[in-house]
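Visitor: Need coordinates for the below:
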Amino acid sequence: NPAFVHGGPFANIAHGCNSVVATTTALKLADYVVTEAGFGADLGAEKFFDIKCRKAGLKPAAAVIVATVRALKMNGGVKKEDLSKENVEAVRKGCANLGRHIENVKQFGVPAVVAINHFHSDTPAEIQAMKDYVAGMGEEAVLCRHWAEGSAGIEALANKVVQLAESGASQFAPLYADDVRLFDKIDTIVKRIYRGSEAIADKSVRDQLKAWEDAGYGKLPVCMAKTQYSFSTDPNLRGAPTGHVVPVREVRLAAGAGFVVAICGEIMTMPGLPKAPSSEKIFLNEEGQIEGLF
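Guide: Numbering: from 1, shown residues only. Okay, here's the model as predicted:
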């Protein structure tokens, strides 16, 4: 299938999905269009729903929440070097993070399915723990083996997505109205998506937001810039924390793009790139096959 890779900046600093032009073009050319909204559903999905769908008049029919056993083990307290070792209890503990993402997507009125992105180190017990947890939330988790098996390994997920999309169950609505004040939009995301107690900001930040409202930019959506590793601004606070305070240290007006950026905690808005780019290791072998992608 064709793919549009167009205008997709990282969701921890921008809107995190491809352009409206790409999606609206794809909708004219295919029966089903999938938009990737990455860097955690608390960032990518929230911005896809609250910024892109709002601005483009899109009404998504279904959502796929991609999760891995390894990510849940990390959210359950396992160190990165130990992620390949079986730890069912850590998976169960980390499922709280997945459950939060499921709840968040459902807040927008969009039915969801969980895709378990399979790694060769995943064990049957770990996978079953994920499936049991998701089933306990009234949803379904589908094991996806596309890395190893290609399209055949993800056919079950495709059928489930079509079923959800054709069910008419979606009642999509953004999280906040256009006429809500800018800081209140930020606070709404903090409380409803991040489950924080409140957003805080210095008077200079609040004054800047007020000035933009007075200048006619008050109806713009907000784009949160924060770490993708946590629901908080602390990348080491894993799982499903609640009650944390989210500090907004700076705000920026992206008038052309059509949103106000709220920079929260320690986050670089210019992504760092490696000294040796991955492209240097990618080549065609003698059989004409690509090597070095991963």
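Visitor: Where does pLDDT dip in the stretch 101-250 of the chain?
Guide: For the stretch 101-250 of the chain, no stretch is flagged by pLDDT under 70.
Visitor: give the contact list for the residue sitting nearest the centre point of the chain.
Guide: With distances taken as CA atoms, centre = their mean, residue 41 lies nearest the centre of the chain, 2.7 Å away. Residue 41 sits next to 65, 101, 104-105 when contact means CB atoms under 8 Å, 6 or more residues apart in numbering. Where you see a C-beta, it was placed from the backbone N, CA and C, and this is true even at glycine.
Visitor: I'd like to know how far it sits from residue 205.
Guide: Residue 41 sits 26 Å away from residue 205 when distances are taken as CB to CB, to the nearest Å.
Visitor: circling back: check what pLDDT the residue nearest to the centre of the chain gets.
Guide: Looking at residue 41, its pLDDT is 92.
Visitor: any idea how far it lies from residue 19?
Guide: Taken as CB to CB, the span from residue 41 to residue 19 is 20 Å.
Visitor: for residue 170, same thing?
Guide: 22 Å.
Visitor: these two touch, right, residue 108 and residue 49?
Guide: Yes: here residue 108 reaches residue 49: they are 4.8 Å apart, a contact under CB atoms under 8 Å.
Visitor: now for the longest helix belonging to the chain, which elements pack on it?
Guide: Taking DSSP state H as the criterion, the chain has its longest helix at helix 88-107. Here helix 88-107 touches strand 63-67, helix 69-75, strand 112-117, helix 124-136, going by 3 or more CB pairs under 8 Å, 6 or more residues apart in numbering; DSSP states H and E.
Visitor: at 6 Å instead, please
Guide: strand 63-67, helix 69-75, helix 124-136 (3 or more CB pairs under 6 Å, 6 or more residues apart in numbering; DSSP states H and E).
Visitor: wait, residue 209 sits on residue 180?
Guide: No: the pair residue 209 / residue 180 is not scored as a contact, 11.9 Å apart, by CB atoms under 6 Å.
Visitor: Looking at those two, which one has more neighbours?
Guide: Taking neighbours as other CB atoms under 10 Å, residue 209 and residue 180 compare with residue 209 leading, 24 against 17.
Visitor: The more buried one: helix or strand, and which one exactly?
Guide: Applying DSSP states H and E as the criterion places residue 209 in helix 203-212.
Visitor: And for that helix, what's in contact with it?
Guide: Here helix 203-212 makes contact (CB atoms under 6 Å, 6 or more residues apart in numbering) with 182-183, 248, 251, 253.
Visitor: Enumerate the positions of stretch 235-252 that are buried.
Guide: Of all the residues in stretch 235-252, those buried under the rule 16 or more other CB atoms under 10 Å are 238-241, 244, 246-251.
Visitor: if we can go back for a sec, in a markdown table: the contacts of residue 41, plus neighbour count and distance to residue 126.
Guide: As requested, these are exported to a markdown table (neighbours: other CB atoms under 10 Å; distance: CB to CB, whole Å):
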| residue | neighbour count | distance to residue 126 |
| --- | --- | --- |
| 65 | 19 | 17 |
| 101 | 22 | 18 |
| 104 | 23 | 23 |
| 105 | 24 | 23 |
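Visitor: Quickly check those residues for the two that are furthest apart.
Guide: 65 and 104 (9.2 Å; CB to CB).
Visitor: just the strands in the stretch 101-250 of the chain please.
Guide: Remark: strands assigned in the stretch 101-250 of the chain by DSSP state E, counting those that start in this stretch are 112-117, 141-144, 198-201, 222-225, 245-254.
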